[in-house]
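K.L.:
Quick one, what's the 3D model for this:
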Amino acid sequence: MARPMLHPFMYGMILIPGFFQIFFLQNPPYERYVIHVLALFTLAALGRFLKANVHLTIWCLLLIASSAWLCYTYGGLISLAALSPVFIYSSLLGRFVRISLFALHLGALYFTMLSQPPSWRIGLILFLLFLAAILAYLQHFMAKNDAIQQMYDELRRRHYELDETNRRLMLFSKQVEGAAQAEERTRISRELHDDLGHRLIRAKMMMEAVLHVIPTDPDKGMTLLRQIRDQLSTGLDELRATVRRLKPPSEEAGIQALGIMLEEIGRENGIRTALTVEGQPYSLYPSQEIILYKNARESLTNALKHGQPGAVEIRLVYSKDEVCMVVSNDGALPPLHWDSGNTTGLGITGMRERCQIAGGRLEVSLEPCFTVTTRLPVAHQGEVL
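P.N.:
Next comes the predicted model:
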């Protein structure tokens, strides 16, 4: 259907010349003339209810024929009403149909005005060409405006989609972080129970033994007290180390946190440490940084506890699609029957679960030295995971 803004021009093109033409009529009665003008106006108004292109084309043909007949019958100012169809077909249909209707309209207008003065006929035809050019430009402008509006609507829709995706990513990041923290709390509670708890129970039993031994054998009692002291001292050191490893330093993150951890381990245990970075570092989600930090800490703790290494190394590799952290040490290797693909000890299970939650994977190898590799997928700015 034609744009609503064009209908007033079409109606005005019929009614205004039709009204003033009454004063110039040569042959009454006026009633028949008024009926003809109103019939043309009614036909023009009926077009508002048509939807299909075929019906609109037929309607335009009827409007051209009726207005041309009115122009031929009465002449004068009512000839301007013959221009009214241009406001409809100039914005209704396809380009080929518009050109065809314009050519038909121009021919009908020319032949119906053969009896009119040449100046009037030429002027009216030029006016039709002028109107057609103006309406064609207006149609082009409106099409561009519609395209811009559609583009704006599409950009706004994409903006809402990006906001929703960002909200989901933040929610997923919090869920990953929560799952990692829950798993870490479970591991720490198990560590406190298995190591520190057993050590305290042993110290309690030794204290009970001391109470019975001291009255009869003071020297043996003093030996047991020294052993209890050593047990408590070792337990206190383990408790401090566990609390210190609960989370990365709050003011540090990423590569700097790993460097601080390596420095503390080297200073406390007297071993060589190294941190190397390959590729161009980029920002990671907090949950990913926590996974890397905790996996590095778990790997180093296992190395110190079971392998007694002389040197440990952390290597971070930043690539386009993933970040890779390789933790290796030159300590003693696990027993020959140890299976790196199906492990439940050395904290490998917890590290593997952290990686799986974030969509990554954990790799363990024994050659050329014991190495734990953490691989996490990444998404850069403007991309969606």
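K.L.:
how deep is E322 tucked in, by neighbour count?
P.N.:
15 (other CB atoms under 10 Å). For the C-beta atoms, the positions are set from N, CA and C on the backbone; glycine is no exception.
K.L.:
Might you report the residue contacts of it?
P.N.:
360, 375-378 (CB atoms under 8 Å, 6 or more residues apart in numbering).
K.L.:
make it 10 Å
P.N.:
Counting by CB atoms under 10 Å, 6 or more residues apart in numbering, E322 makes contact with 359-361, 374-378.
K.L.:
Now do the same contact list for M325.
P.N.:
Contacts of M325 (CB under 10 Å, 6+ apart): 258, 291-293, 295-296, 299, 314-317, 372-376.
K.L.:
repeat that with 7 Å
P.N.:
292, 295-296, 314, 316, 374 (CB atoms under 7 Å, 6 or more residues apart in numbering).
K.L.:
Which of the contacts of E322 has the largest number of neighbours?
P.N.:
Counting neighbours by other CB under 10 Å, T374 leads those with 27 neighbours.
K.L.:
avg pLDDT for the helix or strand containing it?
P.N.:
Element membership for T374 (DSSP states H and E) is strand 370-377. Here strand 370-377 scores 92 as its mean pLDDT.
K.L.:
Let's see it as PDB, backbone CA atoms only.
P.N.:
Taking Å, rounded to 0.1, in the frame of the first residue of the first chain, the C-alpha atoms of strand 370-377 are listed here in PDB:
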ATOM      1  CA  PHE A 370      57.400 -34.700  35.800                       C
ATOM      2  CA  THR A 371      55.200 -32.100  34.100                       C
ATOM      3  CA  VAL A 372      51.600 -30.900  34.600                       C
ATOM      4  CA  THR A 373      50.000 -28.900  31.800                       C
ATOM      5  CA  THR A 374      46.800 -26.900  32.200                       C
ATOM      6  CA  ARG A 375      45.000 -25.800  29.000                       C
ATOM      7  CA  LEU A 376      42.100 -23.300  29.200                       C
ATOM      8  CA  PRO A 377      40.200 -21.900  26.200                       C
END
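K.L.:
Quick check: buried residues in stretch 67-84?
P.N.:
For stretch 67-84, the neighbour count (16 or more other CB atoms under 10 Å) marks 67-68, 70-72, 74-84 as buried.
K.L.:
Next, the distance between the ends of it.
P.N.:
8 Å (CA to CA, to the nearest Å).
K.L.:
chain center to that stretch: distance?
P.N.:
60 Å (CA atoms, centre = their mean, to the nearest Å).
K.L.:
ok so, going back, same list, the contacts of E322, but as a markdown table with distance to T165 please.
P.N.:
As requested, those are exported to a markdown table (distance: CB to CB, whole Å):
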| residue | distance to T165 |
| --- | --- |
| G359 | 16 |
| G360 | 20 |
| R361 | 24 |
| T374 | 26 |
| R375 | 24 |
| L376 | 19 |
| P377 | 16 |
| V378 | 16 |
